[in-house]
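Enquirer: Just a sequence and a predicted model for now, questions to come.
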Amino acid sequence: MVDIQFDHIIHYIDGLTHFEFPGQYLNIQNGGRHEKLGTFNRLIHIDLSYIELLDQFNKDRLKQQSKSNVGKVSFASSILENDHKQGFKKVCFRTNDIEGLQKDLNARGVETVGPIDMTRQNKKGQTVEWQLLYIKSPISPLLSPFFIQWRQSDEARQEELESFFQSHLKIDMIAFRTYQHQAMVKYWQQWFGMDILESSTQSTTLQCPNQSVKFKITEGKDDMIETVTMIDQTITAPVLIRIKGANYQFIPPVKDKV
C-alpha cells in the first residue's frame, strides 16, 4: 500500500469572510479561490497538516459543477449535502504517489475518480497546483476521504509555509459519528491498511501505520465528522469550542510519569 498521511480537514462555514475563531486558540490565514468550483478558503496551518475553512462565492457555479462526474464526488460538492449544513465535511490524506495509490485502491476493488489537476490563486496572485483522487464509496461520502498530491515537495512547502505554523499545536484525533460504524471500520482497514488501536461495540479507533493522527469512529444516528482534537502545549486543562457546526477540542500534553 502506498503511504498516506493526514493532510487536512474541511470545515464549511457560511459567511467565512467575516469569521473569526474565538479566543486566541487558532490563527487563520488568507487562502484563495477555486474559480472553477465557485468556492474560496481560509487556512489554519498547524504544520504541513491544516484545517481548511471553505465557503462559496458563486452558488450557481458550484451547483453546476456538482452535476458532473467529478463534481458529484468533489470536496466542494460536500457543501451542498444536508441542505448546506455547516460543519466538518471531508478528510483528506496526502500522498507522494497518487497514481500508485490509485492502482493500489483499484486492485483492492475500490472505484476511483481522478487523478484530477487542480489550481487556485492565492492572495499574492500565485498559482498553487495539486492533484486530487476521489473514491466512489459504498458508504456515505462524508465518511470517505479523498487524496491529494501537491506539486511542490513536502520540503518546499514547509519552507514556504513554516512562518504560519502553530508549533504549539498538534492534531491528535479526528472523531466521526455514524450509523455505519462497522462498515466504515471494515473499509478503512481494507482500503488503507489501518490498525485498530481500541475497539468496543460502540466505538473503534484506527490509525495508519507509522502516523500520529488517530481516527475514532463511534456509533450514532447520523453521519458526521464530529470533532478535531489537538494537543496544545500552552494549556493545562481541556477546552472544547463548538462553532459553526463543528467541535474543536484542545487538550494539554500528557505528562511523563516520574
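Expert: Everything's here; your move. Numbering: from 1, shown residues only.

Enquirer: Pull the residues that contact the helix ranked longest in the chain.
Expert: In the chain, with assignment by DSSP state H, the single longest helix is helix 181-192. Residues outside helix 181-192 that contact it (C-beta atoms under 8 Å, 6 or more residues apart in numbering): 1, 4, 93, 105, 108, 110, 135, 137-139, 143, 176, 178, 194, 196, 202-204, 206, 208, 215, 217-220. Backbone N, C-alpha and C define where each C-beta goes, glycine included.

Enquirer: Just those: which are in strands?
Expert: Among those, DSSP state E puts Phe93, Ile135, Phe176, Thr178, Ile196, Ser203, Thr204, Leu206, Phe215, Ile217, Thr218, Glu219 in strands.

Enquirer: Now which of the residues you listed would you call buried?
Expert: Among those, the ones that count as buried by 16 or more other C-beta atoms under 10 Å are Phe93, Ile135, Phe176, Thr178, Ser203, Thr204, Leu206, Phe215, Ile217, Thr218.

Enquirer: ok, the first one touching His8?
Expert: No: with contacts defined as C-beta atoms under 8 Å, Phe93 does not count as touching His8, sitting 9.2 Å away.

Enquirer: so what sits against both of the two?
Expert: Common neighbours of Phe93 and His8 (C-beta under 8 Å, 6+ apart) are Ile148.

Enquirer: follow-up on the earlier one: what does the average pLDDT come to for the longest helix of the chain?
Expert: In this model, helix 181-192 has a mean pLDDT of 92.

Enquirer: Name the residues of it that are buried.
Expert: Buried residues in helix 181-192 (16+ other C-beta under 10 Å): His181, Ala183, Met184, Val185, Tyr187, Trp188, Trp191, Phe192.

Enquirer: cool, and stretch 97-116?
Expert: Neighbour-count burial for stretch 97-116, counted by 16+ other C-beta under 10 Å, picks out Ile98, Leu101, Gln102, Asp104, Leu105, Val110, Thr112, Val113, Gly114, Pro115.

Enquirer: Please, which helix or strand holds the last one?
Expert: Put plainly, it is Pro115. strand 111-122 (DSSP states H and E).

Enquirer: swap in Val228?
Expert: According to DSSP H and E, Val228 maps onto strand 224-232.

Enquirer: Now do the helix or strand that comes right after that strand against strand 224-232, angle only.
Expert: Downstream of strand 224-232, the next assigned helix or strand under DSSP H and E is strand 239-243. Between strand 239-243 and strand 224-232, the angle comes out at 140 degrees (axes from the mean of the first three to the mean of the last three C-alpha atoms, to 10 degrees).

Enquirer: and strand 239-243, what other elements does it pack with?
Expert: strand 246-251 (3 or more C-beta pairs under 8 Å, 6 or more residues apart in numbering; DSSP states H and E).

Enquirer: For the strand it packs on, list the C-alpha coordinates in CSV.
Expert: Extracted in CSV, the C-alpha atoms of strand 246-251 (Å, rounded to 0.1, in the frame of the first residue of the first chain):
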residue,chain,number,x,y,z
ALA,A,246,-18.0,21.7,14.5
ASN,A,247,-16.2,20.7,17.7
TYR,A,248,-12.6,21.8,18.3
GLN,A,249,-11.1,20.0,21.3
PHE,A,250,-7.8,21.3,22.8
ILE,A,251,-6.1,19.0,25.3
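
Enquirer: Sheet-wise, list the partners of that strand with their directions.
Expert: With DSSP bridges as the test, strand 246-251 is paired with strand 224-232 (parallel), strand 239-243 (antiparallel).

Enquirer: What are the contacting residues of the last one?
Expert: Under the contact criterion C-beta under 8 Å, 6+ apart, strand 239-243 has outside partners Phe21, Pro22, Gly23, Tyr25, Asp232, Asn247, Tyr248, Gln249, Phe250.

Enquirer: what stretches of this protein score poorly on pLDDT?
Expert: 1, 71, 82, 122-124, 256-258 (pLDDT under 70).

Enquirer: if we go to 80?
Expert: Low-confidence segments of the chain, defined by pLDDT under 80: 1-2, 65-78, 80-83, 119-127, 137-142, 255-258.
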